[in-house]
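1. Next come a sequence and a model predicted from it.
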Amino acid sequence: MHINHNHPTIVTIEKVIDETPTVRTLVFSDEIMSTVLPGQFAMVWIPGVNELPMSIMISKEFGKAAFTVRKHGPASTGLFNIKVGEQIGIRGPYGNSFDIKEGKLLLVGGGTGLVPMMRLLTFVKPTDDVTLLIGAKSKDEVFFESLANGILENNTHKVIVSTDDGSYGEKGFVTDLVEKLVNDTHFDAVYVCGPEIMMYKTVQSANTKGIFVQASLERMMKCGVGICGSCCVGEDLVCRDGTIFDGHHLSQNKEFGRFHRNKAGILENY
Amino acid sequence: MHINHNHPTIVTIEKVIDETPTVRTLVFSDEIMSTVLPGQFAMVWIPGVNELPMSIMISKEFGKAAFTVRKHGPASTGLFNIKVGEQIGIRGPYGNSFDIKEGKLLLVGGGTGLVPMMRLLTFVKPTDDVTLLIGAKSKDEVFFESLANGILENNTHKVIVSTDDGSYGEKGFVTDLVEKLVNDTHFDAVYVCGPEIMMYKTVQSANTKGIFVQASLERMMKCGVGICGSCCVGEDLVCRDGTIFDGHHLSQNKEFGRFHRNKAGILENY
Amino acid sequence: MEPNLATSIGPIQLDRPVMLASGILGISLDVFNRLYRSGAGAVVTKSLSTEPWDGYPNPTIFGVKGGGWINAVGLSNPGAPNFAKMIESNQDVPIVVSLVGSIPEDFEMMIKQFENCKVTAYELNLSCPHVAKVGLEVGDDPELVKKIVSTVKNSTNIPVIAKVGLGTTNYLNTIHTAIDSGIDAITAINTVRAIAIDVETTRPILSNKFGGLSGTPIKPIALRCVYEISSKYDIPIIGCGGISTWEDAVEFFLAGASAIQLGSAIGDNWVDVFDDINKGISQYMKRKNYSTIKDMVGLAHKS
Amino acid sequence: MEPNLATSIGPIQLDRPVMLASGILGISLDVFNRLYRSGAGAVVTKSLSTEPWDGYPNPTIFGVKGGGWINAVGLSNPGAPNFAKMIESNQDVPIVVSLVGSIPEDFEMMIKQFENCKVTAYELNLSCPHVAKVGLEVGDDPELVKKIVSTVKNSTNIPVIAKVGLGTTNYLNTIHTAIDSGIDAITAINTVRAIAIDVETTRPILSNKFGGLSGTPIKPIALRCVYEISSKYDIPIIGCGGISTWEDAVEFFLAGASAIQLGSAIGDNWVDVFDDINKGISQYMKRKNYSTIKDMVGLAHKS
Ligand SMILES: Cc1cc2nc3c(=O)[nH]c(=O)nc-3n(C[C@H](O)[C@H](O)[C@H](O)COP(=O)(O)OP(=O)(O)OC[C@H]3O[C@@H](n4cnc5c(N)ncnc54)[C@H](O)[C@@H]3O)c2cc1C
Ligand SMILES: Cc1cc2nc3c(=O)[nH]c(=O)nc-3n(C[C@H](O)[C@H](O)[C@H](O)COP(=O)(O)OP(=O)(O)OC[C@H]3O[C@@H](n4cnc5c(N)ncnc54)[C@H](O)[C@@H]3O)c2cc1C
Ligand SMILES: Cc1cc2nc3c(=O)[nH]c(=O)nc-3n(C[C@H](O)[C@H](O)[C@H](O)COP(=O)(O)O)c2cc1C
Ligand SMILES: Cc1cc2nc3c(=O)[nH]c(=O)nc-3n(C[C@H](O)[C@H](O)[C@H](O)COP(=O)(O)O)c2cc1C
Ligand code: FES
Ligand code: FES
């Protein structure tokens, strides 16, 4: 029971799934986290290590949720190394969620940016025609492909993987694929989450075509609720106004795709 | 809106009714106070003067409640002198309430001890046969007689006034009348509120006859919620365990009818 | 194997770690007996003075909109001599007698009154935030603290606790002095000086204007004090301030308290709060494999 | 006749009395503009140091179960030189620049950076409860306060505010010293030192262990400070601590504050809180026939 969703609730990891050598999914029981909206995140406390913002991953089991973490710096590595039976603290859910549109949908995910896309897939209608683009550097960084195909089995759908080095699926940047797809086909909505440059280009492509597009931004986060200011992009606070923003709104933001802030709050170029 | 019922809510006095030269009823609007159970009280803040426990009086008007106060020491005199348009603070409602029984009921009230009886009268069923005893020192201290007759107009009922000096109604102590009535008639329940000696004798009379009886006790009160301890009688806290106690319970209490505590908490004889 | 709820606070042994805080319902032996039966490990009396005190006029206590209570009861109490008579017949209840005074002789005189009473410990209230010349005004004066604690320790063999609060000096200095003067344990903390103003009448609500904030709002502050004291001194601590659940109680143990006191929670959960907390602690200990309270005390410093 | 929400805090003139407190969202000019449009009368920046600071690792802030927040962000900030560049283009927003430092020279250096910026006032953070060598450790040292305030007052013609909190000495002495050294106004109070421990992992939650308690729990304490300061000194006061409704704001005016700041309330009610409070104050003033904020300031002392 979350008495106060801003206070960490301790959960025990029940299952660890190796997605790639550097990406793992940690499953736990939590009723509230199991039913969040697509795009929402939690602040995840790794006791003795750090606290990180993490998109809330789906679990096939009722009443459960998960985090899918890529091992990167010390904080994410701490989370990556959590074993079954160990405890983490979670607070949230935080942030807004994707606007659910109908018809022909294009979902674009890079790396752990696929996490919100997986939950979004569980919200599509049987009549939707869904294309999911998975971007990765190389073959062993590809994950969630079969999970996505599974979720979409009753839909008209395509799951397209592209790797930068061509070691799996299409070769090249996923954003080039996006550009091609939106030029060829009319989409009712485009959703993107991944590295900022991927989101920036996807938003540009869709905006140019006048297609509804939403991106889920990432910034340094401390509070998750709009107090500390560390997640600001222009005048927006990613944790509270977002993390999901419309393409139109983002096209007016002077920092999106160009700058982010470091821990001291200094603007740095991407 | 009472956000926190332990914090004073400010209300404005809308009407003042002179009941006797020393008793007034102050009417105000407050939805929660208008629907309390019979026997419940409020802590009434007279700004700049004091704060007093007061039984919550009924009002004929929807959404309104009242206090009926006898001018006594500085605190109650402060309340007595509040004019229409002036403000007081109220917190509560506090305390338990009378158990509503059916059949032949005897209600005994002395002075402002009549206040909870008036609300209790509004809870009687059409089939109840109700006797209300009003005890007073003399004629000009009698009030609520016609109010009670009005409330009971559709019931088999008697409203009997007794004055110590015989200047109105029967002559003598109301407790002698109680003794006589419970000896003569079977009552299904007796309810009493007034000076402690009146309650003590009434409880004794009813207990002797094995009749269900409840009394509403008064003690020095500061918090009203069971924190400060100033209202204790034996091991009971009047504000929280009461103010209403069963006759059986009271017969085992070593302080009821014998001692009360002064402001320093020292036991004093009645 | 049921976990054992017994605890020792230095020389003080209690069967259960949750005590009634001073000033709460602490006026009669009958009530003490009831609270003991309800699960309190000990009860602390209202703070007693040499003479009876009426305290301040009402309003003396009310609930804060954002949670907690503000009170300025003004240390109303029957005086130590009267009170000693009231508890003379006590057999069963571990009673901690709380004392306030301005000079060492006040305390000496009061302790004499209890010679024929079963007293588990004395608690010196060096921290009431709303009564002049006693409480914090004493606690904030190291010289006086030294004299009072030494005098009291010389007047009795019964364990003596100093109750501290956040005053106008560093409460850690008060503790330092009290420890140097032989104190057996520390209770932390008293209420925190506060005020509330009614916007309709534009007046402070309490008759005394200032009062002490208690209940949930002060818990994180009280817990910090316990953590600080236990980081700095090797002295048994009783945690107090805003405790209303077993989790709160456990937080205080982990921070370094050997027992806890509560008051305001009774306003919300009534006397059942003692048993509820005892049960919660017990279940937690079972789950975590702690067999005694001591196993938990100060654990948060080790992580 | 609409009530006038303009207020003056000594030499500081504001159109509206509700300010953004330091450390809250206070990192970029774009956000400041947005908050100003949302109804803030002024914004206070994060406390700036001479160099950029990363602050503490996460967890740095979380909600307390019983209400409020505990944070130990650790004064992360881009440093005064970087920050000055970020706000150079400011035209519209009344910006109060908050500064932390350990020695007078720190403050002198920082104020120089802002020579080309539109700055409404400086606020000296003498009261951060969880960073060593700055904040409270400065505020608790009267000699240092004197030197810093005098130096700052000699370095600029812009009004200077001292922000105080509850440290280990009497905050009223800090204020006394600051007034003697020429301070223009006082902001009271900063967060109150606190801790929270997670019972499952038996660890303090914050990476820094100790943090500062903010939000509703500290309101009655902050209000008492404002009331105390205004009883004792004739100095303009900005009230801060747990304000989340118009009633809270009015309480602070009545206690003696000429303006208020808020932070934590944004976590609950988002930026709409400014306009909500402005509207509430305005309606209250109309109902009570107050035409200016000044009409309310200190009224609670007169009853
Ligand atoms: C809304 C949101 C959702 C996210 N979802 C996921 C996810 O599902 N899976 C996943 O693997 N990663 C996710 N991330 C990124 C993740 O929070 C970390 O930033 C990333 O794991 C890198 O951490 P690190 O180990 O390098 O941190 P370290 O270098 O060890 O630094 C630790 C600290 O820096 C902060 N930090 C550093 N980089 C970032 C950043 N880019 N964003 C926010 N904080 C940062 C962290 O708050 C942390 O306290 C998400 C980020 C956001 C903002
Ligand atoms: C539950 C309850 C309901 C009551 N309902 C009514 C009512 O409806 N009408 C009415 O006129 N009176 C009622 N009283 C009594 C009332 O609270 C006052 O006690 C009484 O008015 C005498 O006050 P005073 O002016 O003499 O107080 P003062 O002599 O001016 O003393 C002031 C203080 O003493 C306290 N005090 C003194 N005597 C008593 C007492 N007997 N009980 C509680 N506190 C006391 C008050 O709290 C007050 O703060 C009630 C009392 C209780 C406990
Ligand atoms: C109504 C009331 C009266 C109090 N009286 C005393 C007292 O006489 N002596 C004392 O040391 N503390 C007194 N206190 C403080 C409590 O003992 C306790 O330290 C404080 O309330 C914090 O605990 P809590 O949050 O559990 O209530 C009183 C508190 C309240 C609410
Ligand atoms: C996350 C956070 C960061 C803060 N940073 C600062 C700071 O840098 N400088 C400062 O003077 N006060 C800082 N404070 C204190 C606030 O300015 C304010 O004094 C305190 O939070 C009480 O107000 P509130 O209850 O409205 O939040 C911070 C508070 C919070 C919650
Ligand atoms: S993370 Fe603190 S404001 Fe967004
Ligand atoms: S009035 Fe305080 S306990 Fe009853």
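-> That came through, no problem. Numbers count the residues shown, from 1 in each chain, chains lettered A, B, ... in the order given. Ligands and ions are numbered 1, 2, ... in the order given.
2. where along the stretch 101-250 of chain A do the helices fall?
-> A:114-121, A:145-151, A:174-184, A:196-209, A:238-241, A:247-251 (DSSP state H, counting those that start in this stretch).
3. cool, chain C as well?
-> C:29-37, C:80-87, C:104-113, C:136-139, C:142-155, C:171-180, C:219-232, C:246-255, C:264-269, C:272-288 (DSSP state H).
4. I'd like to know which of the ones you listed lies nearest to residue C:58.
-> helix C:264-269 (16.1 Å; C-beta to C-beta). Bear in mind the C-beta positions are built from the backbone N, C-alpha and C, glycine included.
5. And that closest one, what does it pack against?
-> Counting contacts by 3 or more C-beta pairs under 8 Å, 6 or more residues apart in numbering or on different chains; DSSP states H and E, helix C:264-269 is packed against helix C:272-288.
6. what sits against residue A:260?
-> A:196, A:219, A:220, A:233, A:267, A:268, A:270 (C-beta atoms under 8 Å, 6 or more residues apart in numbering or on different chains).
7. Just give me the neighbour total for the closest residue to the second one other than its chain neighbours.
-> To tie it back to what came earlier, the one meant is residue A:219. Closest residue to residue A:219 apart from its sequence neighbours, by C-beta to C-beta, 6 or more residues apart in numbering or on different chains: residue A:231 at 3.9 Å. Residues lying near residue A:231 (other C-beta atoms under 10 Å in any protein chain shown) number 27.
8. and if you look at residue A:269?
-> Neighbour tally, residue A:269, other C-beta under 10 Å: 6.
9. what's the pLDDT at it?
-> Note on residue A:269: pLDDT of 84.
10. Kindly report the same for residue A:127.
-> At residue A:127, pLDDT is 96.
11. Span of stretch A:113-131 from start to end?
-> Distance between the two ends of stretch A:113-131: 16 Å, counting by C-alpha to C-alpha, to the nearest Å.
12. Counting neighbours, which bits of that stretch end up buried?
-> For stretch A:113-131, a neighbour-count test (16 or more other C-beta atoms under 10 Å in any protein chain shown) marks A:113-121, A:124, A:128-131 as buried.
13. try stretch C:76-90
-> So for stretch C:76-90, counting by 16+ other C-beta under 10 Å, buried means C:76, C:77, C:78, C:79, C:80, C:81, C:82, C:83, C:84, C:86, C:87, C:90.
14. mean confidence score for that stretch?
-> When pLDDT is averaged along stretch C:76-90, the result is 95.
15. And for stretch A:7-24?
-> Rounded mean pLDDT across stretch A:7-24 is 97.
16. now swap in stretch A:157-170 and tell me
-> 95.
17. Equivalent analysis for stretch C:169-182, please.
-> 96.
18. how about it as CSV, C-alpha atoms only?
-> The C-alpha coordinates for stretch C:169-182 follow below in CSV (Å, rounded to 0.1, in the frame of the first residue of the first chain):
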residue,chain,number,x,y,z
THR,C,169,21.2,26.7,22.3
ASN,C,170,22.7,23.4,21.0
TYR,C,171,20.7,20.6,22.8
LEU,C,172,23.8,18.4,22.3
ASN,C,173,25.6,20.7,24.8
THR,C,174,22.8,20.2,27.3
ILE,C,175,23.2,16.5,26.9
HIS,C,176,27.0,16.7,27.2
THR,C,177,26.6,18.5,30.5
ALA,C,178,23.9,16.1,31.7
ILE,C,179,26.1,13.1,30.9
ASP,C,180,29.1,14.7,32.7
SER,C,181,26.8,15.3,35.7
GLY,C,182,25.9,11.6,35.9
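19. What residues of that stretch count as buried?
-> So, applying 16+ other C-beta under 10 Å, buried residues of stretch C:169-182: C:169, C:170, C:171, C:172, C:174, C:175, C:176, C:177, C:178, C:179, C:181.
20. Which residues of chain A lie near chain C?
-> Contact residues, chain A versus chain C (C-beta under 8 Å from any C-beta of the partner chain): A:47, A:48.
21. Quick check: the residue in chain A that ligand 1 sits nearest to vs residue D:227, distance?
-> Residue nearest to ligand 1 within chain A: residue A:73 (2.5 Å; C-beta to the nearest ligand atom). Residue A:73 sits 48 Å away from residue D:227, taking C-beta to C-beta, to the nearest Å as the criterion.
22. ok, now residue A:54?
-> According to C-beta to C-beta, residue A:54 and residue D:227 sit 44 Å apart.
23. what about those two, which has more around it?
-> For residue A:54 versus residue D:227, the count of surrounding residues by other C-beta under 10 Å is larger for residue D:227: 29 against 22.
24. Of all the helices of the stretch 101-250 of chain A, which one comes closest to residue C:204?
-> Of the helices of the stretch 101-250 of chain A, nearest to residue C:204 by C-beta to C-beta is helix A:238-241, at 36.4 Å.
25. pLDDT below threshold where in chain A?
-> Applying pLDDT under 70 to chain A picks out residues A:1-2.
26. Give the burial count for residue C:122, as a bare number.
-> So residue C:122, with other C-beta under 10 Å, has 25 neighbours.
27. So for it, what's the pLDDT?
-> 98.
28. mind checking how far it is from ligand 5?
-> 49 Å (C-beta to the nearest ligand atom, to the nearest Å).
29. what does residue C:20 give?
-> 41 Å.
30. repeat for residue C:156
-> Here the criterion is C-beta to the nearest ligand atom. By it, residue C:156 lies 55 Å from ligand 5.
31. number of nearby residues for the residue nearest to that residue when sequence neighbours are not counted?
-> Once flanking residues are discounted, residue C:156 sits nearest to residue C:111: 5.2 Å by C-beta to C-beta, 6+ apart. By other C-beta under 10 Å, 22 other residues sit near residue C:111.
32. try the one 10 residues further on
-> Counted with other C-beta under 10 Å, the burial measure for residue C:121 works out to 25 neighbours.
33. ditto for residue C:74
-> Residue C:74 - counted by other C-beta under 10 Å - has 21 other residues nearby.
34. Run a quick check on it versus residue C:129, I expect a contact.
-> No: checked against C-beta atoms under 8 Å, the pair residue C:74 and residue C:129 is beyond contact range at 11.6 Å.
35. looking at chain C, which residue lies furthest from center?
-> residue C:200 (34.9 Å; C-alpha atoms, centre = their mean).
36. ok, now which ones touch that residue?
-> Neighbours of residue C:200 in contact, by C-beta under 8 Å, 6+ apart: B:10, B:87.
37. any idea which residue sits dead centre in chain A?
-> residue A:113 (3.4 Å).
38. Could you double-check that it lies in contact with residue A:193?
-> Yes: counting by C-beta under 8 Å, residue A:113 touches residue A:193, with 3.7 Å between them.
39. what's the overlap in contacts for the two?
-> residue A:216.
40. one step back: residue D:205 is nearest to which of the helices of the stretch 101-250 of chain A?
-> For the helices of the stretch 101-250 of chain A, proximity to residue D:205 was assessed by C-beta to C-beta; helix A:238-241 is nearest, at 18.7 Å.
41. Tell me if the closest one is near chain D.
-> Yes: on the criterion C-beta under 8 Å from any C-beta, helix A:238-241 is in touch with chain D at residue A:240.
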